[in-house]
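Enquirer: Model the following, please.
(one chain, ligands or ions: 1)
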Amino acid sequence: MSAAAKPTRPPKAAPRVLHGAGGPAVSPTASARRRGVKTSVSVALDIVRDIVSQRLQAGDKLPLESELLKHYGVSRASLREGMRLLEVQGLLSIRPGPGGVVVGGAHPANLGRSLMLHMQFVGATYDELMDTCIWTEGQLAELAARNRDRKKVRRLMLPFLSQSDAHSAASGFEHPIEEGLDFHLAVGALVENRVRAFMLMMPGQVLVEHIISNVERKFLEDPFVHDHEAIAVAIIAGNAMRAGKLMRDHFEHLNKYFRTYWPRAVADKIQGR
Ligand SMILES: [Zn+2]
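Expert: Coordinates of the predicted model:
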């Protein structure tokens, strides 16, 4: 058999865009519409399904609007509304002009913004938010300590070890606030069940956006750096009970701190910014 007779293979690297060809994705959208789901919502769900099935990454572009209209078989208004829903969630970024529509990312902070709207709606206070965070963050620390990938646990927690020794107060080194936020994101990233991780990280993300960014302090207080280190040690040791307790203690410390530096706001109702 000659080489020429071999069946031709499809190109190895398919372009990272949704495939406009192949006609509209009729079935899911149509069935969703029959169930009474708003067209824009079902288009949003279809777009997410396509992003996932085609393994698009953050920064990848979606096809032109004309192709998307053909592909999803909906009106321009419904398509745009669907994409706008995803943009609000940070899952898409819509850039004016040739930038087009770009895939974003799933982040608990985006979900946190939705939670914030609901909490504002029912008149919840920052006090209630803080109270919730003491519990959720404790759960996150326990779950992080139980992560079965011990190599990953060590890798993510290592940067937060021995910081207080390496940079003693005498050296005048200060830890930027971002480092504290990174610590809590790293703990969340160690929760194996992503549904739990997202659910539990949401209140902390609201706290970050509303309280920490309002307190106008650029550096972490030393006791917080020590708290982080002790929690990291417990997580690396796989001691879930201790990690959870230390994290709850840490949030009790934060709670006292906020009451000192921002006393008025603690009893305030949660407000959009
Ligand atoms: Zn902290």
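Enquirer: With adjacent residues omitted, what lies nearest to G82?
Expert: V43 (3.3 Å; CB to CB, 6 or more residues apart in numbering). From N, CA and C alone the C-beta is placed, and that goes for glycine too.
Enquirer: May I have the secondary structure class of that neighbour?
Expert: Of the three states, V43 takes helix according to DSSP: H, G, I helix; E, B strand; the rest coil.
Enquirer: give the contact list for the residue nearest the centre of the chain.
Expert: Centroid-nearest residue in the chain: H107, 1.7 Å away (criterion: CA atoms, centre = their mean). When contacts are counted by CB atoms under 8 Å, 6 or more residues apart in numbering, H107 touches 90, 205.
Enquirer: now with 10 Å?
Expert: With contacts defined as CB atoms under 10 Å, 6 or more residues apart in numbering, H107 is in contact with 89-91, 113, 185, 198, 201, 205.
Enquirer: ditto for L68
Expert: Neighbouring residues of L68 by CB under 10 Å, 6+ apart: 18, 20, 43, 46-47, 50, 62, 74, 76, 79-80, 82-83, 101.
Enquirer: Report the two of the residues you listed separated the most.
Expert: The two members of these with the most space between them (CB to CB) are D50 and R76, at 18.2 Å.
Enquirer: These two: which has the busier surroundings?
Expert: For D50 versus R76, neighbours defined as other CB atoms under 10 Å are more numerous around D50 (18 against 11).
Enquirer: what about that one, which helix or strand?
Expert: When elements are assigned from DSSP states H and E, D50 belongs to helix 39-53.
Enquirer: how far out from the middle of the chain is that helix?
Expert: Distance, stretch centre to chain centre, for helix 39-53: 19 Å (CA atoms, centre = their mean, to the nearest Å).
Enquirer: What is the subsequent helix or strand relative to that helix?
Expert: Next element after helix 39-53 (DSSP H and E): helix 65-72.
Enquirer: Could you list the buried residues of that next one?
Expert: 68-69, 71-72 (16 or more other CB atoms under 10 Å).
Enquirer: Run through the strands of the stretch 51-200 of the chain in chain order.
Expert: 92-95, 100-103 (DSSP state E, counting those that start in this stretch).
Enquirer: most packed of those?
Expert: Mean neighbours per residue, mean count of other CB atoms under 10 Å, is largest over these for strand 100-103, with a mean of 18.
Enquirer: how far is that one from where the chain is centred?
Expert: 19 Å.
Enquirer: same question, stretch 79-96
Expert: Chain-centre distance of stretch 79-96: 16 Å, with CA atoms, centre = their mean.
Enquirer: And stretch 188-204, by the same measure?
Expert: That offset, for stretch 188-204, works out to 9 Å (CA atoms, centre = their mean).
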